[in-house]
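K.L.:
my questions are about this predicted structure, shown below with the sequence.
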Amino acid sequence: MPTPTSPVPPLSDAAAAAGPPPPPPLAEVLATIRGGNFGEAEIARFSDLDRADARLLGREWDALGEGTREALVRRMDELSEVRIELLFGRALRVALTDDSAVVRQLAVAALWEDRGEDLLERFLLLLSSDPSQDVRAEAARGMERFAAAAAEGDLDEGTECRLREALTEAATDEQAPYGLRRRALEAVGVLGRAAEVRELILSAYEGEDEGLRASALYAMGRSADERWLDTVLDELASPETELRYEAARATGMLGDARAVPELGRLAGDEDAEVRHAAIASLGQIGGREALRVLRMLAEDPDEADVEAVQEALDEALDEAGAGDGPPPVDR
């Protein structure tokens, strides 16, 4: 016969009013991290640091050891993807000055949602002077969201000008690392309605380097300039997989329904990434014809395409205001 358990006494009014216990001191968590414990609760303690804790982390950062610092930044990035309430900005800013290029690159990438203007200044500095070409390329990629803010009128004219000039200089510097040139071209494409940026995109597209041509196609889409539509549509039939892929993405960003018939054809491409880019762009463009194509695809999708078709259908129907969305795509 089971032994009866004592009932748990209710919390007193005072205890209930006190709320959850305070978080452990950061120094204790750092000791735990040094011991190799990267649990969710430990990583979450680095969210929304106050200034005193940020200074403490800065003093103790190097003592953590390179492997620990790298693992910590990776875990912050992973956790921020699933717990959007966590804000690791101050902790990751400490990591931007790490001696390890790998840690600096990871920190730049992990700050993907941070739009603090001070961060733009740090990225500009990394772009121009970091000794690692990978960090510089990641900084250029990170500056794309600031270029988007400038295009929306959210940055002052002087800051926009410095941003555009820095990215344009990196994209046109033939002595710069190849990956950096591509990332800078893609990032500045958001400002593609400026004459000098249009010329930069056109020059890259008309060149012989396939990678730079692919980046130019991405920049065309990000520019939201319909003058590029015919060029992008032509590249949907390119024999080169990367060009078809970037053209498919660009049509979605341009959002013109004239691309729908070609995207429907490309949704049957032999390359899965090209198919998924075409399907996603159909969802972005939306409208009656795109919905018709997506519903046809949903009738008998390839197993590898089920999720892409479902997400595109959801997006197109949300845009159209069509109730609760379609029934699930059969697997």
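P.N.:
Alright, I've got the coordinates.
K.L.:
hey, which helix or strand in the chain has the poorest pLDDT?
P.N.:
Lowest by mean pLDDT, DSSP states H and E among the helices and strands of the chain is helix 13-18, with a mean of 50.
K.L.:
can you name the element that comes right after it?
P.N.:
Following helix 13-18 in sequence order, the next helix or strand is helix 26-34 (DSSP states H and E).
K.L.:
list the buried residues of that next one.
P.N.:
Residues 26, 29-30, 33 are the ones in helix 26-34 that count as buried (16 or more other C-beta atoms under 10 Å). Placement of C-beta: from N, CA and C, glycine included.
K.L.:
cool, stretch 172-184 as well?
P.N.:
For stretch 172-184, by 16+ other C-beta under 10 Å, it's 176, 179-184.
K.L.:
how about stretch 71-81?
P.N.:
Neighbour counts over stretch 71-81 (16+ other C-beta under 10 Å) mark 71-77, 79-80 as buried.
K.L.:
can I get that stretch as CSV, trimmed to CA atoms?
P.N.:
Extracted in CSV, the C-alpha atoms of stretch 71-81 (Å, rounded to 0.1, in the frame of the first residue of the first chain):
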residue,chain,number,x,y,z
ALA,A,71,31.5,27.3,-27.1
LEU,A,72,29.8,30.0,-25.1
VAL,A,73,29.3,32.3,-28.1
ARG,A,74,27.9,29.3,-30.1
ARG,A,75,25.5,28.5,-27.3
MET,A,76,24.3,32.1,-27.0
ASP,A,77,23.6,32.1,-30.7
GLU,A,78,21.7,28.8,-30.6
LEU,A,79,19.6,29.8,-27.6
SER,A,80,18.7,33.2,-29.1
GLU,A,81,17.1,31.3,-32.0
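K.L.:
hmm, back to that, quick one: which of the buried residues of stretch 71-81 is nearest to residue 109?
P.N.:
Distance to residue 109, by C-beta to C-beta, is smallest for residue 77 among the buried residues of stretch 71-81, at 6.8 Å.
K.L.:
domain parsing for the protein?
P.N.:
Here the domain parsing of the chain from automatic domain parsing is 25-111, 115-224, 228-331.
K.L.:
from one end of the first one to the other, what's the distance?
P.N.:
Translated: domain 25-111. End-to-end distance for domain 25-111, by C-alpha to C-alpha, to the nearest Å: 24 Å.
K.L.:
over to stretch 202-215?
P.N.:
Using C-alpha to C-alpha, one end of stretch 202-215 lies 11 Å from the other.
K.L.:
quick check: buried residues in it?
P.N.:
204-205, 211-215.
K.L.:
remind me which helix or strand residue 107 belongs to.
P.N.:
Using DSSP H and E, residue 107 sits in helix 101-110.
K.L.:
model confidence over the helix or strand just after that helix, on average?
P.N.:
Next in sequence after helix 101-110, counting helices and strands by DSSP H and E, comes helix 117-129. Across helix 117-129, pLDDT averages out at 95.
K.L.:
what comes into contact with helix 117-129?
P.N.:
89, 93, 96, 104, 108, 111, 135-136, 139-140, 142-143, 146, 155, 159, 162-163, 166-167, 170, 184 (C-beta atoms under 8 Å, 6 or more residues apart in numbering).
K.L.:
was I right to think residue 281 contacts residue 262?
P.N.:
No. Under the criterion of C-beta atoms under 8 Å, residue 281 is not in contact with residue 262, lying 10.0 Å apart.
K.L.:
next one: stretch 199-218 to chain centre, how far?
P.N.:
Its chain's average C-alpha position is 22 Å from that of stretch 199-218, according to C-alpha atoms, centre = their mean, to the nearest Å.
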